[in-house]
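Colleague: Got a sequence here, can you model it:
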Amino acid sequence: MATYLDQAREVLRIEAEGINALLDQLDSAFDRAVDMIMASPGRVVITGIGKSGIIGQKIAATLNSTGTSSVFLHPVEAMHGDLGSVDPHDVVLAISYSGETSELNLLLPSLKSRGVKVIAMTGNPNSTLAGHGDAVLKVAVPREACPLGLAPTSSTTAALAMGDALAVVLLNCKKFQAADFRRNHPGGSLGERLKVKVSEVMLTAEQIPVIATDCTLAEAVAVLNERNLGAVLVMAGEDLLGIITDGDIRRLVSRGDTLAMRTIAEVMTRAPKTIDEQLLAADALSIMQRHEITFLPVHNQAGHLVGALHLQDLLGKGEFRFMV
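Modeller: Residues are numbered from 1 along each chain as shown. Predicted structure coming up:
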């Protein structure tokens, strides 16, 4: 009897065989599908039931994260009112390997009567679903990995791969960039979030807490309280002279001093740590960690202040602890 590893390898070989079979099935219908989506001012509405529906939900998620607005529509719920969410400008991607799924095919005449374009993804180009398609993406596989030939395995993998192909081609058509992807994934992994440039996440203009050298400490504290960023920058024109932090004020008060007893120049830290706007957020985090600070002024190549960066702008609350 074959070992577990032997069986697993055979499943992977069969699934790879199914994906490879798609290469010979790609034709001008794929071009039409892309053109239909690119020309549409609406969304891609993906529908399917059972395992095909689960694959459809994943394709919708991939499209959304790569710049193509998409939504999943359950065909049964659509027939009971949710069809009203489909706009005539939308493009529907309907998925059924057999192409004869009754719940899905019952929906197709209603979609067509609304003038909606339909992309059919099926393993049977002669099916009812294919007959309703304005473009037919063929995803037939030689065999299922399931030895009984019953559980969708290779067929769902092929549909998923075709969905990825569609998403990536659309991504390229839209000139979707890494920065766009990160904007769609604000909760993504720390490593991905730290790959952005400082200039993409820094505070700018009125968001930067600044005071002039002739301000009083009471005015500095007012700005600290208003901005709630833990620091305020002391400026002389375009030149950054120093920084005053919450900690500086606490230490002042703990010594028994009052705000009226000290000047800005006496309390501020001169020549604070800064970072160039073209460096990465990871570089900013490294500086903050090394010096145990949470606020970092940002300068341009000319040395002028152009922004400020708080630890929360990089990581969010509660996600980082200094390692000492």
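
Colleague: got a pLDDT number for residue 200?
Modeller: The per-residue pLDDT reported for residue 200 equals 82.

Colleague: For burial, what's the neighbour tally of it?
Modeller: A count of nearby residues for residue 200, using other CB atoms under 10 Å, gives 14. Where you see a C-beta, it was placed from the backbone N, CA and C, and this is true even at glycine.

Colleague: start at 7 instead
Modeller: Yes, from this point I'll number from 7; that puts the last item at residue 206.

Colleague: Which element, helix or strand, includes it?
Modeller: Here residue 206 sits within helix 204-207, counting by DSSP states H and E.

Colleague: Give the other helices and strands that that helix contacts.
Modeller: Contact here means 3 or more CB pairs under 8 Å, 6 or more residues apart in numbering; DSSP states H and E; on that basis helix 204-207 packs against helix 287-297, strand 311-316.

Colleague: quick one: it to chain centroid distance?
Modeller: Centroid separation between helix 204-207 and its chain, computed with CA atoms, centre = their mean, to the nearest Å, is 17 Å.

Colleague: which parts of it are buried?
Modeller: With burial defined by 16 or more other CB atoms under 10 Å, the residues of helix 204-207 counted as buried are 204, 205, 207.

Colleague: now swap in stretch 158-173 and tell me
Modeller: Buried-residue list, stretch 158-173, by 16+ other CB under 10 Å: 158-169, 171-173.

Colleague: One more: stretch 256-266?
Modeller: Neighbour-count burial for stretch 256-266 flags residue 258 (criterion: 16+ other CB under 10 Å).

Colleague: what number of residues lie near residue 232?
Modeller: 10.

Colleague: Which residues are in contact with it?
Modeller: Contacts were defined as CB atoms under 8 Å, 6 or more residues apart in numbering; by that measure residue 232 touches residue 215.

Colleague: what does the helix holding residue 206 rub up against?
Modeller: Here helix 204-207 makes contact (CB under 8 Å, 6+ apart) with 185, 281-287, 289-290, 304, 312-313, 315, 319-320.

Colleague: Ramachandran angles for residue 240?
Modeller: Backbone torsions of residue 240, given as degrees, to the nearest 10, read phi -100, psi 120.

Colleague: Skip the chain neighbours and tell me the closest residue to it.
Modeller: Counting by CB to CB, 6 or more residues apart in numbering, residue 248 is the residue found nearest to residue 240 once chain neighbours are left out, at 4.4 Å.

Colleague: Which of the buried residues of stretch 158-173 sits closest to residue 140?
Modeller: Comparing the buried residues of stretch 158-173 against residue 140 with CB to CB picks out residue 172 as the nearest, at 14.5 Å.

Colleague: name the element that closest one belongs to?
Modeller: Assigned by DSSP H and E, residue 172 falls within helix 160-179.

Colleague: next one: that helix to chain centre, how far?
Modeller: In this view, helix 160-179 has its centroid 18 Å away from the chain centroid, taken as CA atoms, centre = their mean.

Colleague: elements contacting it?
Modeller: Contact analysis of helix 160-179 by 3+ CB pairs under 8 Å, 6+ apart lists helix 10-31, helix 34-45, helix 57-71, strand 123-128 as its packing neighbours.

Colleague: Contacts for it next, please.
Modeller: Outside of helix 160-179, the residues that reach it under the criterion CB under 8 Å, 6+ apart are 20-21, 23-25, 27-28, 36, 39-40, 43-44, 57-58, 60-62, 64-65, 68-69, 72-74, 99, 101, 103, 127, 129, 143, 145-151.

Colleague: one step back: of the helices and strands packed on helix 204-207, which stretch is the most buried?
Modeller: Comparing these by mean neighbour count (mean count of other CB atoms under 10 Å), strand 311-316 comes out on top with a mean of 22.

Colleague: Just the CA trace of that one, in CSV.
Modeller: What follows is the C-alpha trace of strand 311-316 in CSV, where atoms were taken according to Å, rounded to 0.1, in the frame of the first residue of the first chain:
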residue,chain,number,x,y,z
LEU,A,311,11.3,69.7,8.2
VAL,A,312,8.6,68.1,6.0
GLY,A,313,6.8,65.8,8.4
ALA,A,314,6.8,63.9,11.6
LEU,A,315,6.3,60.3,12.4
HIS,A,316,4.7,58.7,15.5
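
Colleague: tell me, how many neighbours does the residue lying closest to residue 17 once chain neighbours are set aside end up with?
Modeller: Counting by CB to CB, 6+ apart, residue 17 lies nearest to residue 151, which is 4.5 Å off, once chain neighbours are set aside. Applying the criterion other CB under 10 Å, we find 23 residues in the vicinity of residue 151.
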